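*Asks:* Output the structure for:
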Amino acid sequence: MTTTSIREEALDRFRRFRDQWKTESEFMSNTAQMVLLKSYQNIIGMGYAAVPLILEELRREPDHWFWALEAITLENPVGREMAGKVEQMANAWIEWGIAQGIITT
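*Replies:* Presented below is the predicted three-dimensional model:
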C-alpha cells in the first residue's frame, strides 16, 4: 500500500464517520452525548491520522471536534475565555495545527 493510498483510505474513513456523526448528532445539544456516539469514537480511534483531517474540517465548518483533538493529541490550546465559543475554539486549534506543522496556512 502506498502512502497516497493510505491517506486516501484515512480520508474516506474519516468522511464516512464524520457524515454518520453529523446525522446522528443533528438534533443533540449535549456535547457529552455527541462525543460518545460510536461514529465520533471511531474518529478518535483513527488516532493521529485523523488530526489534520479534523483540523481541515474545523477550518471548513467549525463544530465540536475539540474532544477528539484533545483525546488524540493530549493537547488543549483553547484558553478558558474561549470555552463554549466554537469559532474561537476552532481558531485556536487551527493555529495550533499550523504551529505544529500539521496543516498549512
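
*Asks:* Could you measure from residue 86 over to residue 50?
*Replies:* 19 Å (C-beta to C-beta, to the nearest Å). (C-beta placed from N, C-alpha, C; glycine too.)

*Asks:* quick one: secondary structure of residue 28?
*Replies:* When classified by DSSP: H, G, I helix; E, B strand; the rest coil, residue 28 comes out as coil.

*Asks:* Please report how far it lies from residue 36.
*Replies:* Taken as C-beta to C-beta, the span from residue 28 to residue 36 is 10 Å.

*Asks:* still on that earlier bit, residue 86 and residue 50: who's more crowded?
*Replies:* Neighbours per residue, other C-beta atoms under 10 Å: of residue 86 and residue 50, the larger number sits with residue 50, 24 against 14.

*Asks:* same for the helix or strand the more buried one falls within, what does it pack against?
*Replies:* For residue 50, the host element (DSSP states H and E) is helix 50-60. For helix 50-60, the contact count by 3 or more C-beta pairs under 8 Å, 6 or more residues apart in numbering; DSSP states H and E identifies helix 3-25, helix 38-45, helix 66-73, helix 86-99 as packing neighbours.

*Asks:* Tell me which residues of the helix or strand bottoming out on mean pLDDT in the chain come out buried.
*Replies:* None of the helices or strands of the chain scores lower by mean pLDDT, DSSP states H and E than helix 3-25, at a mean of 93. Under the neighbour-count criterion of 16 or more other C-beta atoms under 10 Å, helix 3-25 has 10, 13, 14, 17, 18, 20, 21, 25 buried.

*Asks:* Tell me the one among these nearest to residue 58.
*Replies:* residue 18 (11.5 Å; C-beta to C-beta).

*Asks:* list the contacts for the closest one?
*Replies:* Residues counted as contacts of residue 18 (C-beta atoms under 8 Å, 6 or more residues apart in numbering) are 39, 43, 57.

*Asks:* any idea how far it is from residue 77?
*Replies:* In terms of C-beta to C-beta, residue 18 sits 22 Å off from residue 77.
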